[in-house]
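[1] Just to be clear, the model below is a prediction. Sequence and coordinates:
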Amino acid sequence: MWTIPNVLTLMRIAMIPVFVGIFYLPANAVTSEGLPAHWVNLTASTVFILAALTDWLDGYWARKYQQMSKFGAFLDPVADKLMVAAALILLVELNRIGAVVALIIIGREIAISALREWMAILGKSANMAVAMVGKIKTVAQMIAIILLLWFDPLWGINIQWIGEWLIVLAALLTLISMGYYLRAAWPTIRETI
């Protein structure tokens, strides 16, 4: 259980309360006016980037050093989904994205996770391989979240605008990838109805 990939995944889960807590630090923690918004945005986006890097690193390490485990296979996607859901809920609360976008992305994650689990119980998990559209969706979603957490202009570039468009693109790709998974599972669904 205590392989480096699993420890990295557990660290990613431990980063979630830190990430969320950054936005809820008391007003008097630094000055009577509270923490500067730029500092909060910078810190939150940095923690999210570190979490994303540990996600990449634990997968790379597990494959390279054959440290894959059933526990890691279970825990890694849970950590990913928790971090993304926490970020999306915060972005909704901060009025940086709409609730519909967050519901589409989080709802798809829950639905596809349940579908994958059901297909695995039936012994047909090979039908649920990750599609390229899902990988593109993940990249767009992660970049969008980082930009929307950063929020402030960077070198004259409107980061907020780019993040808003990318998160809408990620939501559309989310629906397309959900359709892909449902189509792949449809023969099994029809057999069991």
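    Ah, there it is.
[2] where do the helices sit along this protein?
    Ranges of helices in the chain, per DSSP state H, are 4-22, 37-64, 70-93, 99-121, 132-150, 159-192.
[3] Pick the most deeply packed of those.
    Stretch with highest mean neighbour count among the helices of the chain: helix 132-150 (a mean of 20; mean count of other Cβ atoms under 10 Å). Just so you know, the C-beta spots here come from the backbone N, C-alpha and C atoms, and that holds for glycine as well.
[4] what does that one contact?
    41-42, 44-45, 48-49, 52, 84, 87-88, 90-91, 96-97, 105, 159-160, 162-164, 166-167, 169-170, 173-174, 176-177, 180-181 (Cβ atoms under 8 Å, 6 or more residues apart in numbering).
[5] sorry, back to before: tabulate the helices of the chain in JSON lines, adding columns for mean pLDDT.
    Below are the helices of the chain laid out as JSON lines (pLDDT from 0 to 100):
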{"stretch": "helix 4-22", "mean pLDDT": "89"}
{"stretch": "helix 37-64", "mean pLDDT": "87"}
{"stretch": "helix 70-93", "mean pLDDT": "89"}
{"stretch": "helix 99-121", "mean pLDDT": "88"}
{"stretch": "helix 132-150", "mean pLDDT": "90"}
{"stretch": "helix 159-192", "mean pLDDT": "88"}
